[in-house]
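Q: mind looking at a prediction? Sequence and model below.
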Amino acid sequence: MADFVAKSTVKSSVRKLTAPLENMTTFQNLITDIITNNPWGCVDYVSNG
């Protein structure tokens, strides 16, 4: 699992990955999988007003 490392700036952190992404294709596939499968169960945010 990756660790979050506190930064000196306000409301900011950096996540160090245990295994960095190998290339841009791997990154793109990861993002596509997250958008397609929605593993965190995210929903649309709609505001009236």
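A: It's in.

Q: where do the helices sit along this protein?
A: Secondary structure of the chain, counting by DSSP state H: helices at 24-37.

Q: separation between the most centrally placed residue in it and V46?
A: Taking Cα atoms, centre = their mean as the criterion, I31 is the residue nearest the geometric centre of the chain, at 8.4 Å. I31 sits 23 Å away from V46, going by Cβ to Cβ, to the nearest Å. The C-beta positions use only the backbone N, C-alpha and C, and glycine is treated the same way.

Q: N29 now?
A: N29 is 29 Å from V46, by Cβ to Cβ.

Q: and for S8?
A: 36 Å.

Q: could you do L17 as well?
A: For L17 relative to V46 (Cβ to Cβ), the value is 33 Å.

Q: ok, N23 next?
A: 36 Å.

Q: and those two? which has more neighbours close in?
A: A count of neighbours by other Cβ atoms under 10 Å puts N23 above the other of N23 and V46, at 8 against 5.

Q: who's in contact with the more buried one?
A: By Cβ atoms under 8 Å, 6 or more residues apart in numbering, the contact set of N23 is empty.

Q: between the two ends of stretch 8-25, how far is it?
A: 32 Å (Cα to Cα, to the nearest Å).

Q: who does D3 bridge with?
A: K16 (DSSP bridges).
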